[in-house]
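Engineer: For reference, the sequence and a predicted model appear below.
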Amino acid sequence: MTAPTAPLLYVTGASSGIGQALALHAYALGWRLCLVSRRADTVHTWATQQGLDPARHAILAADVTDTDSIVVAGHTCLQTLGLPDVVAACAGISHGIDTAERADLDVMQRILDTNVMGLAATFHPFVAPMRAAGRGTLVGVASMTGIRGLPGHGAYCASKAAVIAYCESLRGELRAAGVPVVTLVPGYIDTPMTAHDTYARPFLISAAEFARRAWPTIRAGRSYRVIPWQMAVVARLLRLLPNAVFDRLLAGRPRKPRLTPDGQP
């Protein structure tokens, strides 16, 4: 990669739909990229297909469920590329669970490790340097499902509620240092992760459109945004609904598919 003449975006979950969409959007605006994924070969292939300039991007292999692996990736970025202007934690997985099934407890653990601990580990290497420099932005990708629990989605809802609360806590810690923490709350986004969903997905948008709408929020350092805006209205209504009404509305709603015994959705 060339000398740091352009701003730098650091992304974990760079093999995900949202991670790649944010990376492509930033790249089109002239940013450099540091892309982190367990599936580094897949990201290399994708970067080649997209025609990314090797001088403007780096790819690091690390697994968000392995805290030390992600921390090392962050320090490698700092040592070789410098302090990122934006760090985006985009890795996430989602499966339905049934708490009555013992195997689903292991699925829940994997979801929490990826979606919550992976996000905290992504941020960790950059918190102290950003605080010292008084610059940089941390971006956590949550979900509408973190606002209220959905039947059959307990693990994913819990993980995204944790992301929202964690980012809010971290925002308060870093505010005085001038380091914004941005919480992005997607509604239904058309990505491989949602391809197996069997229920209606109102106001569905592409990952590229999500990135286009999210970018001004990231650059402005806004604390919280639901995308698309229609889902922001839904989010407000969900917070206001009494439990009895909320439960009736969800009665009979299809559940997110559980993993099959061979690990397939």
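Structural biologist: Okay, I see it.

Engineer: Quick one: neighbours of the residue nearest to L204 when sequence neighbours are not counted, just the number.
Structural biologist: Leaving aside its chain neighbours, L204 sits nearest to Y188 (4.5 Å; criterion: Cβ to Cβ, 6 or more residues apart in numbering). Bear in mind the C-beta positions are built from the backbone N, C-alpha and C, glycine included. By the criterion of other Cβ atoms under 10 Å, Y188 has 19 neighbours.

Engineer: What distance do you get for Y188 to V11?
Structural biologist: Computed as Cβ to Cβ, to the nearest Å, the Y188 to V11 distance reads 21 Å.

Engineer: Same check on P186?
Structural biologist: 15 Å.

Engineer: now swap in L22 and tell me
Structural biologist: 6 Å.

Engineer: If you count surrounding residues, which of P186 and V11 has more?
Structural biologist: When neighbours are counted by other Cβ under 10 Å, P186 and V11 differ, and V11 comes out ahead with 28 against 25.

Engineer: returning to what we had before: need the overlap of contacts for L22 and V11.
Structural biologist: The contact sets of L22 and V11 overlap at 88, 90 (Cβ atoms under 8 Å, 6 or more residues apart in numbering).

Engineer: In what element of secondary structure is V43 found?
Structural biologist: Counting by DSSP states H and E, the element that carries V43 is helix 40-50.

Engineer: cool, R225 as well?
Structural biologist: In this assignment (DSSP H and E), R225 forms part of strand 224-227.

Engineer: Same question for L22.
Structural biologist: Going by DSSP H and E, L22 is part of helix 17-28.

Engineer: So what are the sheet partners of whichever helix or strand comes after that helix and their directions?
Structural biologist: Later in the chain than helix 17-28, the nearest helix or strand by DSSP H and E is strand 32-37. Strand pairing for strand 32-37, using DSSP bridges, gives strand 8-12 (parallel), strand 57-61 (parallel).

Engineer: quick one: average pLDDT of the helix holding L22?
Structural biologist: For helix 17-28, mean pLDDT is 96.

Engineer: got the angle between it and strand 32-37?
Structural biologist: For helix 17-28 against strand 32-37, the angle by axes from the mean of the first three to the mean of the last three Cα atoms, to 10 degrees is 160 degrees.

Engineer: now helix 17-28: how far from the chain's centre is it?
Structural biologist: 12 Å (Cα atoms, centre = their mean, to the nearest Å).

Engineer: Skipping adjacent residues, who's closest to A120 in space?
Structural biologist: Y166 (6.7 Å).

Engineer: Secondary structure element for the one you found, which one?
Structural biologist: Assigned by DSSP H and E, Y166 belongs to helix 154-174.

Engineer: got a list of contacts for that helix?
Structural biologist: Here helix 154-174 makes contact (Cβ under 8 Å, 6+ apart) with 92, 94-95, 97, 99, 104, 107-108, 111-112, 114-116, 119-120, 123, 127, 130-131, 138, 140-143, 145-150, 180-183, 185, 223-224, 256.

Engineer: The same query, at a cut-off of 6 Å, please.
Structural biologist: 94, 97, 108, 111-112, 115-116, 119, 140, 142-143, 145-146, 149-150, 181, 183, 223 (Cβ atoms under 6 Å, 6 or more residues apart in numbering).

Engineer: For the buried ones among those residues, write the corresponding ChimeraX selection.
Structural biologist: Those of those that count as buried under 16 or more other Cβ atoms under 10 Å are selected in ChimeraX with:
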select :94,97,108,111,112,115,116,119,140,142,143,145,146,150,181,183
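
Engineer: Brilliant, that's me finished.
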